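Peer 1: Let me see the structure of the following:
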Amino acid sequence: MSKRTKTIFLGLCIIGSFFIYCVFYYSNMLKNAPFRFSDFESISIQYGLRDSMLNTYNTATQEYQYINKNNQVVKERLKLSDDDLLFLHRKAMEMGFWNVDNDMTTPRQDSTEGAKVPRYVLEFKYKEKSKRVTLDADYPGNQKMKDAAKTTIEKVLDRINVAYAR
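Peer 2: The predicted model follows:
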């Protein structure tokens, strides 16, 4: 073997083994990802004031309940398409929803303090795991986490409104 052949062989061995390792590592990582759309079951959201969270939606039961302009509770059935659910799953991944704290509520001194502050509870359910986040609109914590949770909640509400308008 010439020196050039040895160098090419050594380079191919190093690059080839690195490539095989990357394929093995990342294929297992993607296969074992905790929140995969193939394992997706449902999304549920509740929002309103702390003592009366009357606005709710659940994709599993397709029950949509909201308060209209006349302060009446309206119950309807609403189905989100698979494309809507995939969009929301991907948006949650993009926003880093899986990394936010589960409890993003503001500590209160008594029950009357902050009674008029909206609260949101968003839950993504999968076969093996679920992520449930409770967010107060005036949460004083980490701004990036608050923005990730708030943006995900806004996207869910937008998709519900678009589906309702169809």
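
Peer 1: By mean pLDDT, point me to the weakest helix or strand of the protein.
Peer 2: For the chain, scoring each helix and strand by mean pLDDT, DSSP states H and E identifies helix 3-31 as the least confident one, at a mean of 75.

Peer 1: Packing partners of the helix or strand following it?
Peer 2: Once the chain leaves helix 3-31, the next helix or strand it forms, by DSSP states H and E, is strand 40-49. Judged by 3 or more CB pairs under 8 Å, 6 or more residues apart in numbering; DSSP states H and E, the packing partners of strand 40-49 are strand 52-58, helix 82-95, strand 118-126, helix 143-165. In short, each C-beta sits where N, CA and C put it, glycine included.

Peer 1: Identify the residues contacting the first one?
Peer 2: In this structure, residues lying in contact with strand 52-58 by CB atoms under 8 Å, 6 or more residues apart in numbering are 42-48, 63-67, 73, 78, 119, 121, 160.

Peer 1: Ok, the second one next?
Peer 2: Here helix 82-95 makes contact (CB under 8 Å, 6+ apart) with 35, 37, 40, 43, 59, 80, 98, 124, 148, 151-152, 155-156, 159, 162-163.

Peer 1: Identify each buried residue in that helix, please.
Peer 2: Neighbour counts over helix 82-95 (16 or more other CB atoms under 10 Å) mark 84-85, 87-89, 91-92, 95 as buried.

Peer 1: How about the shortest one?
Peer 2: Using 16+ other CB under 10 Å as the burial criterion, the residues of strand 52-58 that qualify are 55-58.

Peer 1: low pLDDT regions in this structure?
Peer 2: Under the criterion pLDDT under 70, the flagged ranges of the chain are 22, 25-35, 37-38, 111-115.

Peer 1: how does it divide into domains?
Peer 2: For the chain, the domain assignment from automatic domain parsing gives the residue ranges 1-32, 37-165.

Peer 1: Nothing else from me, thank you.
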